[in-house]
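A.B. asks: A predicted structure for the sequence below; I have some questions about it.
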Amino acid sequence: MAEGKAGYFGEYGGAFIPEVLHATFEELNEKFTEIKADPDFWQEYENLMSTYSCRATPLTYADNLSRHFGGAQIYIKREDLNHTGAHKVNNVMGQGLLVKRMGKKRVIAETGAGQHGVATATMAAKFGLECTIYMGEIDVLRQRPNVFWMERMGATVVPVKEGTRVLKDSINEAFRDWVTNMDDTHYVLGTACGPAPFPEMVSYFQSIIGKEARRQSLEATGKLPDSVYACVGGGSNAMGIFQGFMDDDVELVGVEAGGHGIDTHLHASRIASNDATVGVAQGFRTYFLQNQDGQMNETHSVSAGLDYIGISPLLANLADQGRIRFESATDVEVIDALSLTMKKEGLIPALETSHAFAQAFKDAPKMRSDQTIIINQSGRGDKDIFTIADAFDDPKWKQFIIEKARQYES
Amino acid sequence: MNLENYIKARRQQKDILLMTHIVLGYPSFDDSLRLVETMVKAGVDLMELQIPFSEPMADGPVIMKASQESLENGATLERCFETAEKICSEFDIPFLFMSYCNILHKYGFQPFAEKMKAIGIKGSIVPDIPPEDAQDYTAAMKQQQLDPIFLFAPNSSDARMKTIEKTGSGFIYCVARTGVTGSNTDFSEDISDYLRRSRAATDLPLAVGFGIKEKADIDAVKGFVDIAIIGTESIRVMDASGLEGVDRFIRSLA
Ligand SMILES: Cc1ncc(COP(=O)(O)O)c(C=O)c1O
């Protein structure tokens, strides 16, 4: 997929890393090239995912939502049914197999929502690896249940108190660990960002989503969908499903975090807003939400997993080419979409995922009933129970928490 | 005189030169000026002025915190340039910028180099620009007769050192160990192999940094390199005992 210089997608990508990591990246590039050329590796990967996780994940027809909007037929790709509850495990297990080939003993990872951290802790437990997870202090607070599971599975969770204390800061901390411990440690980067080969490698493992979705669409409807929707944080679930339809006449829609609205600056929309400019940070070149001096801005989203300053270089390039339409959904729209999806289909999308639903719900009513769309349900919302309960201002939940706290105090 | 010649000439009089480091705007811009004055008077031979960046990936907790506080106090690039200009006009040693790629990239490599030239800065250290991606950066620097300083690491192969030294000029910054700035380095442990390999790889002067914090560390690398670099330790000293402490500390190294 790379055009021109290795590791670049158009003018985006590259590997802006300190010299100490040069040899580590050389090895990683070599191993990644090796596994891509090895059909046995992909077979081993698919076997693992079908026996340990829940692959192939189903494509669910959302008949109630389709009827409710009276437009396009809505299908949902169920990445929430993966073990650990999100698409993150696809990438993590792929990198886990790679770690075994490289013979490293320890893994580290950043995490925002905690989904990637949980997936990495799971993989480390299964493969017998030591595991340290870096997580912004703010995210530790808003995603407590995931911290609990990571620690129970034997991982060390380090709350990051530097910078803005969210996802980007946990990435910096993970790199600081890696430049010290690269000989025995692999950094399992969780999204299609960072220095090459990570953006391409993470997209490669996530392409399993798109491969399945394409086949399942043909089986279920006899044709390809008209549009495919995915939320975009760093861009791994979006790249995952989009790759199944890249060369087809299928519209691809990426939905970024609109936060309080893209005219408020309290958002994390790199492409859908005009606030981002091209920069080099966290080891790669892409659009970043930064100020005129090149300092990174604070971002905002109700969802920890989309609260990120940059975007995959593969997506930045596809945006330039006009191949992907970028939209944003606000925090309020996201909660409404989540609420409707629960009531109509009994599905609980994660807050990140609900961004994709929100945009699909804006478009579906304008489409014909013989048209179909697929929404990538990147994860399930159970982990967000505290945030969602607050958003709904649920009185019974509050009462429960108050009573629970009282029990602990006595 | 260019940087390389300055270092070589100065080495005729001294066994090893001393390069120190400050973060511009930390604890304040006035303090930055006074720190430089103190260090120059105490006898340092050259200095790095770090322009703070919000994502300092190669820095440890001390420099990271200094960068963050500087930015929180409202440090802008313009303010850094103004202060650097004052420093360069008042003190007669070479000054270098240290920062991260994005600061130069956002301003534009060429305008940034022109600005450096106009201010009187002699070169720059940017740890997250690898030789593979350095073309625009080095071209802009060289056009202004400025020196882009590149880094060796202990795990750089001999072939890799060759590539790096061809890309850079001025001197080579040998990172004493893996990891970020600010942690301890055991200089009694044998790093002479690495420094000998570095010496063989280039005719440029060599500097060594990361973890130097006392005279014994400097003595351990004497004979292998031309410059010892003090980064984090002077910030620690400044935080603990102010300008007087810094003065005493620098003089204790000579
Ligand atoms: C459920 C879910 N969806 C989406 C994302 C966003 O990541 P990406 O854009 O890489 O898919 C996250 C990240 O934490 C997530 O947990």
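C.D. replies: Thanks, I have the structure now. Not measured: the values here are computed from a predicted model.

A.B. asks: which SSE is A:G279 in?
C.D. replies: Here A:G279 sits within strand A:277-281, counting by DSSP states H and E.

A.B. asks: Is there proximity between that strand and chain B?
C.D. replies: Yes: using C-beta under 8 Å from any C-beta of the partner chain, strand A:277-281 reaches chain B at A:T277, A:G279, A:V280, A:A281. Heads up, the C-betas are built off the backbone N, CA and C, glycines and all.

A.B. asks: what does stretch A:190-199 give?
C.D. replies: No: applying C-beta under 8 Å from any C-beta, one finds stretch A:190-199 separated from chain B by no less than 9.4 Å.

A.B. asks: What about B:R79, how many residues nearby?
C.D. replies: By other C-beta atoms under 10 Å in any protein chain shown, 18 other residues sit near B:R79.

A.B. asks: which residues does it contact?
C.D. replies: By C-beta atoms under 8 Å, 6 or more residues apart in numbering or on different chains, the residues touching B:R79 are B:L24, B:G25, B:F29.

A.B. asks: and the last one, how many neighbours?
C.D. replies: Okay, so that is B:F29. The burial count assigned to B:F29 is 18, neighbours taken as other C-beta under 10 Å.

A.B. asks: Now that it has come up, it's in contact with B:A84, right?
C.D. replies: No: when contacts are counted by C-beta atoms under 8 Å, B:F29 is not listed as touching B:A84 (10.3 Å).

A.B. asks: Quickly list what's touching both of the two.
C.D. replies: With contacts taken as C-beta under 8 Å, 6+ apart, B:F29 and B:A84 have no neighbour in common.

A.B. asks: biggest strand in chain A, by residue count?
C.D. replies: In chain A, with assignment by DSSP state E, the single longest strand is strand A:251-259.

A.B. asks: list the helices and strands that strand packs on?
C.D. replies: The helices and strands touching strand A:251-259, judged by 3 or more C-beta pairs under 8 Å, 6 or more residues apart in numbering or on different chains; DSSP states H and E, are strand A:227-231, helix A:236-242, helix A:313-320, strand A:324-330, helix A:331-345, helix A:351-363.

A.B. asks: Would you reformat these as JSON lines and include mean neighbour count and distance to chain B?
C.D. replies: Converted to JSON lines, the helices and strands packed on strand A:251-259 look like this (neighbours: other C-beta atoms under 10 Å in any protein chain shown; distance: least, C-beta to the nearest C-beta, whole Å):
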{"stretch": "strand A:227-231", "mean neighbour count": "30", "distance to chain B": "24"}
{"stretch": "helix A:236-242", "mean neighbour count": "31", "distance to chain B": "20"}
{"stretch": "helix A:313-320", "mean neighbour count": "25", "distance to chain B": "13"}
{"stretch": "strand A:324-330", "mean neighbour count": "23", "distance to chain B": "22"}
{"stretch": "helix A:331-345", "mean neighbour count": "19", "distance to chain B": "24"}
{"stretch": "helix A:351-363", "mean neighbour count": "28", "distance to chain B": "23"}
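
A.B. asks: wait, which of the ones you listed is closest to A:V99?
C.D. replies: helix A:236-242 (17.9 Å; C-beta to C-beta).

A.B. asks: What residues does chain A have near chain B?
C.D. replies: For chain A, the residues in contact with chain B (C-beta under 8 Å from any C-beta) are A:14-20, A:22-23, A:162-163, A:168, A:172, A:175-176, A:179-180, A:182, A:277, A:279-283, A:288, A:290, A:292-296.

A.B. asks: Just the buried ones from those, in ChimeraX syntax?
C.D. replies: Selecting only the buried entries of the residues of chain A next to chain B in ChimeraX, with 16 or more other C-beta atoms under 10 Å in any protein chain shown as the criterion:
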select /A:14,15,16,17,18,19,20,22,23,162,163,168,172,175,176,179,180,182,279,280,281,282,283,288,290,293,294,295,296
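
A.B. asks: Let's see which of the residues of chain A next to chain B end up in strands.
C.D. replies: The strands, defined by DSSP E, take in A:T277, A:G279, A:V280, A:A281, A:F288 from the residues of chain A next to chain B.

A.B. asks: Could you pull up the contacting residues of the last one?
C.D. replies: For A:F288, the set of contacting residues under the criterion of C-beta under 8 Å, 6+ apart consists of A:R270, A:A276, A:T277, A:V278, A:G279, A:A281, A:M296, A:I309, A:G310, B:N102.

A.B. asks: In terms of pLDDT, where does it sit?
C.D. replies: For A:F288, the pLDDT comes out at 98.

A.B. asks: partner residues bridging it?
C.D. replies: Per DSSP bridges, the residues bridged to A:F288 are A:T277, A:G310.

A.B. asks: Repeat that for the fourth one.
C.D. replies: Beta-bridge pairing of A:A281 under DSSP bridges involves A:F284.

A.B. asks: Settle this for me: it is touching B:K106, isn't it.
C.D. replies: No: at 9.9 Å, A:A281 does not count as touching B:K106 under the criterion of C-beta under 8 Å.

A.B. asks: Pull up the overlap in contacts between the two.
C.D. replies: A:Q290.

A.B. asks: Which residues are in contact with A:A23?
C.D. replies: Applying C-beta under 8 Å, 6+ apart to A:A23 gives the contacts A:M182, B:N155, B:S156, B:S157, B:R160.

A.B. asks: The ligand: which of those residues is nearest?
C.D. replies: A:M182 (23.6 Å; C-beta to the nearest ligand atom).

A.B. asks: For the closest one, which non-adjacent residue is spatially closest?
C.D. replies: A:T24 (4.4 Å; C-beta to C-beta, 6 or more residues apart in numbering or on different chains).

A.B. asks: If you tally nearby residues, what's the number for the one you found?
C.D. replies: A:T24 has 20 neighbouring residues, counting by other C-beta under 10 Å.

A.B. asks: and the gap between it and the ligand?
C.D. replies: Distance, A:T24 to the ligand, using C-beta to the nearest ligand atom, to the nearest Å: 22 Å.

A.B. asks: Show the end-to-end separation of stretch A:75-91, please.
C.D. replies: The first and final residues of stretch A:75-91 sit 23 Å from each other (C-alpha to C-alpha, to the nearest Å).

A.B. asks: And it, how far out from the chain middle?
C.D. replies: Here stretch A:75-91 is found 10 Å from its chain centre; the criterion is C-alpha atoms, centre = their mean, to the nearest Å.

A.B. asks: if I look at the nearest residue to B:E37 once chain neighbours are set aside, how far off is chain A?
C.D. replies: For B:E37, ignoring the flanking residues on the chain, the nearest one in space by C-beta to C-beta, 6+ apart is B:F91 at 7.2 Å. From B:F91 across to chain A, the span is 25 Å (C-beta to the nearest C-beta, to the nearest Å).

A.B. asks: Could you tell me how many residues sit around B:F91?
C.D. replies: The tally of other residues near B:F91 (other C-beta under 10 Å) stands at 18.

A.B. asks: Show me where chain B has its strands.
C.D. replies: B:17-23, B:46-50, B:95-98, B:123-125, B:147-152, B:172-175, B:206-209, B:227-230.

A.B. asks: From the centre of chain B, give me the residue that's furthest out.
C.D. replies: In terms of distance from the mean C-alpha position of chain B, B:A159 ranks first, at 24.2 Å (C-alpha atoms, centre = their mean).

A.B. asks: Please give me every residue in contact with A:V118.
C.D. replies: Residues in contact with A:V118, defined by C-beta under 8 Å, 6+ apart, are A:T84, A:G85, A:K88, A:T111, A:N146, A:W149, A:M150, A:M153.
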